[in-house]
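>>> coordinates only, no sequence provided:
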């Protein structure tokens, strides 16, 4: 039974297959494009169509000649040899009617595939070549910050010629991340080495790396971070460019944060690695900062002494926030204005009550030795009561005249009131000095502020701005000059003109001071009282023209200190330095150096302003004070900034108006202890508050100017609306 059933199934299967014997069936040719048109009726011919679809049928057989007879060769599946047989000439007597060949199934499938591919390509070309093609191929929505790019992919992907069809002209390898990064820099300037690690050149980054390794060592990174570092090792040399897309991933939606990175991404290239802020992060080494503050304010002495004084009870601050406020970004605590936090105690001091001298001696006629300055060394009329040496301001203004410099150099360190009788060189120099002073006063009276500015400009060795000029002359007037020197030099014009035109030296005449009228029942106000709020005045009314500061931020003081602070770059460094020394002395009028430090690098300058963050400066560290103010306890800012508890003697000396210490702030020490890492790690830890690197650190370091799109000036239409 089993054998029978097996034979039955084999026979059934064979009946469904084509028989390949040439006498049993017609061989179908599925690999050809065309088949016989009679195939649908089961009567296809043996020849079949040619490759072009033409019917090639002729007769049902090709007779075979044996001896002198022709025999029919029609195959058995067509009925076998026919009864009629071949014609006498050997031709088959049964012609096959012509058919219309049809395509094979294989050919139809091929045509369908080709047509489908063609239609698909056509649709792709139509889609990608249109202005809406970018929307079709976009990998996702752009972030909000890049949404203005729209669908113009070429702004961020270099080889695209505006539309996706441009891809066909570029090989896959040419779309390099580095090339795309150059397009990013068109909108995001990142300094001189934008694609280098931290946007710093290897020459700047290498010393920082070596210092960190020396200080902190390599750390103990977790295994996952070691693996990430191994993969990212090419970037650790600090010499390879890092494409922007390495860290900033686009097409992740409108609300995606392009700047968000994980700690592993940040640390994968670092030489010192650790698990988290709490575990392994190095201790803070320069936070708060070691550098001297711009404003020399000793918190310790103010808190312990000055604020407890009974005189300051009504306006002494009771909180750090009385004097400090966050900047616009909330990152830095800045100092409020002088008028808000300092004026109540220090305004009167600055206006002269605490200074050694209330005014600044600008033009003071020096005492001259009339015993020897006569005859051939005559100096003309001269105030008999002059008792001052040659002051720095007048010395600097005189040195602007090249003809006066030899005399000034000859008299350097010489007491003009006691000249050596036998030293003819010094006597001649003293005579030249006296006539130089008279000539300067004559020019000042006749030419006014222009003469003063000319000499100041020559001394500075550079062109002055209008703002500088305004501060340097401080509205000096002819009335102030004439009222001071008219009684002393009554014949100044004739003496100077004879000296200049004819080389004549008027005979020395020591002019006594005019008698001062006796005061009446009411004593008149002293000269200083007329300038309590600042201005030009003469303390003696004869030969001393002085300037009284107007208060804090006096333009005269700040302009002259700015002009002479970097004395090495002036025309006469020694005399410029002497002017600055007089203005910056601890007890000088205005008491500027009591609070304002001197910055030595990159250029020497006076720090007039407290620290304010540069909006385009990006350092390694950042901190948001505004986000932490609500977390302070009863200690206030000392929750994080504890005081060191001691008053530095150098600070106290510098704060004294009678101090003799230098104004250089290098000896000034801050009043606060270094912040401990544990203060931050108390809150910033996993599953509590963010502790990733980017909370406190920037990646791109440097000073990056923002770009402004180029735009043409569009002329305004005329008032009548007609062009």
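Yep, it's here. Everything quoted here is computed from the prediction, not taken from an experiment.

>>> switch to C-alpha atoms for all contacts and neighbour counts from now on
Will do.

>>> what segments of the stretch 51-200 of the chain are helices?
105-128, 133-137, 177-184 (DSSP state H, counting those that start in this stretch).

>>> chain center to the helix or strand residue 562 falls within: distance?
In this assignment (DSSP states H and E), residue 562 forms part of helix 555-564. With CA atoms, centre = their mean, to the nearest Å as the basis, helix 555-564 stands 29 Å off its chain's centre.

>>> what mean pLDDT does that helix get?
Throughout helix 555-564, pLDDT has a mean value of 96.

>>> what's that helix packed up against?
helix 466-473, helix 573-584, strand 605-606 (3 or more CA pairs under 8 Å, 6 or more residues apart in numbering; DSSP states H and E).

>>> partner strands of the last one and their direction?
Pointing back at strand 605-606 there. Partners of strand 605-606 in the sheet, by DSSP bridges, are strand 598-599 (antiparallel).

>>> quick one, strands of the stretch 301-450 of the chain?
324-326, 333-335, 360-364, 381-383 (DSSP state E, counting those that start in this stretch).

>>> so which of the helices and strands packed on helix 555-564 is the most packed in?
Mean neighbour count (mean count of other CA atoms under 10 Å) peaks for helix 573-584 among these, with a mean of 21.

>>> what helices and strands are in contact with that helix?
Right, helix 573-584 is packed against helix 392-399, helix 555-564 by 3+ CA pairs under 8 Å, 6+ apart.

>>> low pLDDT regions in the protein?
Within the chain, the stretches with pLDDT under 70 are 1-30, 128-136, 159-176, 231-239, 287-292, 353-355, 516-519, 646-668, 708-723.

>>> walk me through the domains of it.
With domains defined by automatic domain parsing, the chain comprises 135-267, 357-513+526-584.

>>> tell me which of those sits most buried.
domain 357-513+526-584 (a mean of 18).

>>> got the end-to-end distance for that one?
Using CA to CA, to the nearest Å, the end-to-end distance of domain 357-513+526-584 comes to 13 Å.

>>> shift numbering so it begins at 33
Okay, residue one is now 33; in that scheme the one you just asked about reads as domain 389-545+558-616.

>>> how about the helices in the stretch 233-382 of the chain?
234-248, 255-263, 295-299, 331-336, 370-373, 375-380.

>>> can I get those in TSV with distance to residue 348?
Formatted as TSV, these follow (distance: least, CA to CA, whole Å):
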stretch	distance to residue 348
helix 234-248	42
helix 255-263	53
helix 295-299	45
helix 331-336	9
helix 370-373	9
helix 375-380	9
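
>>> out of those helices, nearest to residue 600?
Closest of the helices of the stretch 233-382 of the chain to residue 600 is helix 234-248, at 29.0 Å (criterion: CA to CA).

>>> what packs against that closest one?
Against helix 234-248 (3+ CA pairs under 8 Å, 6+ apart) you get no helix or strand.

>>> rewinding a little: any chance of the strands of the stretch 333-482 of the chain in a markdown table, plus distance to residue 536?
As requested, the strands of the stretch 333-482 of the chain are exported to a markdown table (distance: least, CA to CA, whole Å):
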| stretch | distance to residue 536 |
| --- | --- |
| strand 356-358 | 65 |
| strand 365-367 | 61 |
| strand 392-396 | 25 |
| strand 413-415 | 13 |
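
>>> highest mean neighbour count out of the helices of the stretch 83-232 of the chain?
Comparing the helices of the stretch 83-232 of the chain by mean count of other CA under 10 Å gives helix 209-216 as most buried, with a mean of 17.

>>> and that one, how far out from the chain middle?
20 Å.

>>> coming back round to it: of all the helices and strands packed on helix 587-596, which one is nearest residue 416?
Judging these by CA to CA, what sits closest to residue 416 is helix 605-616, at 25.9 Å.

>>> quick check: angle from that closest one to strand 392-396?
Per axes from the mean of the first three to the mean of the last three CA atoms, to 10 degrees, the angle that helix 605-616 makes with strand 392-396 is 140 degrees.

>>> what lies in contact with helix 605-616?
424-425, 427-428, 589, 592-593, 596-597, 599, 602, 620-621, 623-625, 695 (CA atoms under 8 Å, 6 or more residues apart in numbering).

>>> that older thread, for residue 154, which of the domains of the chain is the nearest?
Using CA to CA, the domains of the chain put domain 167-299 closest to residue 154, at 12.1 Å.

>>> quick one: distance of the closest one to the chain centre.
19 Å.

>>> circling back: can you lay out the helices and strands packed on helix 605-616 as a markdown table showing distance to residue 674?
Converted to a markdown table, the helices and strands packed on helix 605-616 look like this (distance: least, CA to CA, whole Å):
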| stretch | distance to residue 674 |
| --- | --- |
| helix 424-431 | 45 |
| helix 587-596 | 34 |
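
>>> quick one: closest of those to residue 98.
helix 587-596 (131.5 Å).
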